[in-house]
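Asker: Give me the fold of what follows.
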Amino acid sequence: MAALKGLLLCALVLAVAAEEEKSYTPPVAMGSAHFSENFQDSEAFATRWIKSAATKEGADEDIAKYNGEWKVEAASENPIPSEQGLVLKDKAKHAAISVALDTPFEFTDKPLVFQYEIKLQDGMECGGSYFKLLSQTEGLDLNQFTDKTGYTIMFGPDSCGQDSKLHFIFRHKNPKTGEFEEKHADMSSASIPDFKDKKTHLLRLVVQPDNTFTVSVDRTVIKSGSLLVDMKPPVNPPAEIDDPEDKKPETWDERAKIQDPDASKPDDWDEDAPSHISDEDATMPSDWLVDEPDNINDPDAEMPADWDENEDGEYEAPKIANPKCESVSGCGPWTRPSKVNPAYKGKWKAPMIDNPTYQGIWKPRKIDNPDFFEDTEPFKMTPIGALGLELWTMTANQMFDNIILTDDVTVADQFAADGFNAKVNAEAPPSAAHGLLTSLLESTKERPWLWAVYVLIIVVLPMVLIVACCLPNKKDPEAEQRARAKKTDEVQPDDDLPASAEEEEEEEEEEEEAPLLAEPEADVAEPAVVEEQVRERKSPARPSPRQRKAAPVEAAAEPSEAAAAVSPAQAELEVPADEDQDASPRRASPRKAKKKVRREQ
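Answerer: Prediction:
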């Protein structure tokens, strides 16, 4: 049993050690991928990724340089051992970094799947966290990567204050003019999550050859649509447009209603009548105090000590409300109130009627759009040659990790399962039971022999306990008999035989008489002591038959020391005066003698 406990303790210790020391297994693209990056090889990152040395056009000289610092390091909170990502360390600086694809992505018959993780470790005050999928062109120079560098797709979050966006923008090439125009996905109906919670989020963009797209965050699709329908402005221009040369005629009447030209003002219509007149029926209230002003001089006011009448003029006490006016309708001159003039009609206007010459709202005529084209395959965008981050942010420590560009959704799924899942578990609230079970299972990957320990603990140990507790054991018969006797009070050979009721009665009489037959002592006890002993004997606590049976036989045969210590005075107190007492001790009856012999035997 002790050995099994030791094995259990060993397994738990190893599991905890495995949890603390286990290394992060970075995701690896298991299939077709044009690019993947987990930032675990710092040396490869230094040679593979290129920091821009350009200067931004139109920016102030002190902030025009792309000098924001990029660093590969572990997360600042809930880090996973040996795991690291790309972190933008600076704020309020332009920062740009890019990397060439392993193989350029061509938009043919396979979908584009772009996926990456973002963690805003310090939240976000204002700034972007989006990637640009740079177009494959002859003049592409990653050392001079700026906001002017051509891209095919821009994807990722962008927020400032309470305004949060999730961009999906692609640059569409006009087949007629050869110019590029940005097309923004309409994300107004999308439920954009909060990227400021300082947790890792997985972003994915999938664009299918059938011109449909889906945008998902943390494996939840938040927007799906069509490149032909759900982009602003639309990919294809309208077939007809308003004729810019068409002008509205001067005689065009757009008035739907006009004043009735045949209407005339009634004769009794008085436009000069006032809207309100004095109410002649009103009377002054009986409690109105005409001779009392509304305000009076404050009788308690005193002229300030520094008041100079030569400079400040004659002092006047401040005004206060007249207290006499508080309990009446009013004070001062009374004037009649005004009321609405029933004869008032205001300025006369002719009523409105339908315009008989109404021609409707004028619109220019439509003509064929000279710039019209119809691109039925906007999916076939400009090939992608590189990925880049070109950002300006007011919050530092943005972390980017586990980037992949592929044409297979299952490859991206596996890449996320290996990387993103581990981070979600690390950032989730800890669970003691789940954590211990996970640790025990994870420890077997590096120590397969632990399965044998688990089998011993889970299978063998319960079986041993069942056998030990349930199967009968061979024991000493005498020991079993003694144990049974303790439980049932069964009579044993060395026990006293049970006495009959008559014998028990005689035995009790002997015990009561024993102190009276004891030898008297020389010293007489104090009267107070004697009285106390008498009280105790009058109400003795008799032992039960079982207690008497368990008492030693010698205790019944020999007179007790307490009985021998009783004085003659005590004996006299115990024996009634009217009862004849023999001078010699009372002898035991033959029956009692036989009983005593039988007990001794």
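
Asker: what about residue 237, neighbour count?
Answerer: The burial metric for residue 237, expressed as a neighbour count using other CB atoms under 10 Å, is 18. For the C-beta atoms, the positions are set from N, CA and C on the backbone; glycine is no exception.

Asker: packing partners for whatever helix or strand residue 402 lives in?
Answerer: When elements are defined using DSSP states H and E, residue 402 is found to belong to strand 398-406. Packed against strand 398-406 by the contact rule (3 or more CB pairs under 8 Å, 6 or more residues apart in numbering; DSSP states H and E) you find strand 35-37, strand 85-88, strand 112-120, strand 384-392, helix 409-427.

Asker: so can I have JSON lines of the ones you listed showing mean neighbour count, mean pLDDT and distance to residue 27?
Answerer: What follows is these, written out as JSON lines (neighbours: other CB atoms under 10 Å; pLDDT from 0 to 100; distance: least, CB to CB, whole Å):
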{"stretch": "strand 35-37", "mean neighbour count": "21", "mean pLDDT": "96", "distance to residue 27": "8"}
{"stretch": "strand 85-88", "mean neighbour count": "23", "mean pLDDT": "96", "distance to residue 27": "12"}
{"stretch": "strand 112-120", "mean neighbour count": "24", "mean pLDDT": "96", "distance to residue 27": "10"}
{"stretch": "strand 384-392", "mean neighbour count": "23", "mean pLDDT": "96", "distance to residue 27": "17"}
{"stretch": "helix 409-427", "mean neighbour count": "18", "mean pLDDT": "90", "distance to residue 27": "4"}
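
Asker: I'd like those as JSON lines, with distance to residue 307 appended.
Answerer: Formatted as JSON lines, the helices and strands packed on strand 398-406 follow (distance: least, CB to CB, whole Å):
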{"stretch": "strand 35-37", "distance to residue 307": "85"}
{"stretch": "strand 85-88", "distance to residue 307": "70"}
{"stretch": "strand 112-120", "distance to residue 307": "68"}
{"stretch": "strand 384-392", "distance to residue 307": "65"}
{"stretch": "helix 409-427", "distance to residue 307": "75"}
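
Asker: So what pairs up with residue 184 in the strands?
Answerer: Assessed by DSSP bridges, residue 184 has beta-bridge partners residue 169, residue 232.

Asker: Relative to residue 231, how far out is it?
Answerer: Counting by CB to CB, to the nearest Å, the gap from residue 184 to residue 231 is 7 Å.

Asker: Tell me which of these two has more neighbours.
Answerer: Set residue 184 next to residue 231 and count neighbours by other CB under 10 Å: residue 231 wins out with 22 against 15.

Asker: was I right about that one contacting residue 186?
Answerer: Yes - contact status for residue 231 versus residue 186: in contact at 7.0 Å, counting by CB atoms under 8 Å.

Asker: picking up where we left off before, buried residues in the strand holding residue 402?
Answerer: Across strand 398-406, burial judged by 16 or more other CB atoms under 10 Å covers 398, 399, 400, 401, 402, 403, 404, 405, 406.

Asker: mind checking how far it is from the chain centre?
Answerer: Going by CA atoms, centre = their mean, to the nearest Å, the spacing between the C-alpha centre of strand 398-406 and its chain's C-alpha centre is 27 Å.

Asker: Report the inter-axis angle for it versus strand 384-392.
Answerer: Relative orientation of strand 398-406 versus strand 384-392 (axes from the mean of the first three to the mean of the last three CA atoms, to 10 degrees): 160 degrees.

Asker: okay, the angle between strand 398-406 and strand 112-120?
Answerer: Relative orientation of strand 398-406 and strand 112-120, computed by the same axes, to 10 degrees: 170 degrees.

Asker: What's the mean pLDDT across strand 398-406?
Answerer: The pLDDT scores in strand 398-406 average 96.

Asker: List the neighbouring strands of it plus their orientation.
Answerer: According to DSSP bridges, strand 398-406 has the following sheet partners: strand 35-37 (antiparallel), strand 85-88 (antiparallel), strand 112-120 (antiparallel).

Asker: right, and the ones you listed - which one's nearest residue 461?
Answerer: Minimum separation from residue 461 across the strands paired with strand 398-406 (CB to CB) falls at strand 112-120, 43.6 Å.

Asker: can you give me the angle that closest one makes with helix 409-427?
Answerer: In this structure, strand 112-120 runs at an angle of 10 degrees to helix 409-427, with the same axes, to 10 degrees as the basis.

Asker: List the first helix or strand encountered after strand 112-120 toward the C-terminus.
Answerer: Moving toward the C-terminus from strand 112-120, the next helix or strand (DSSP H and E) is strand 126-128.

Asker: And the next helix or strand past that following strand?
Answerer: Towards the C-terminus, the helix or strand next in line after strand 126-128, according to DSSP H and E, is strand 131-135.

Asker: What pairs with that next one, parallel or antiparallel?
Answerer: Looking at strand 131-135 with DSSP bridges, its partner strands are strand 151-160 (antiparallel), strand 384-392 (antiparallel).

Asker: what separates that strand from the chain centre, distance-wise?
Answerer: Taking CA atoms, centre = their mean, the mean C-alpha location of strand 131-135 is offset from the chain mean by 36 Å.

Asker: Great, nothing more from me.
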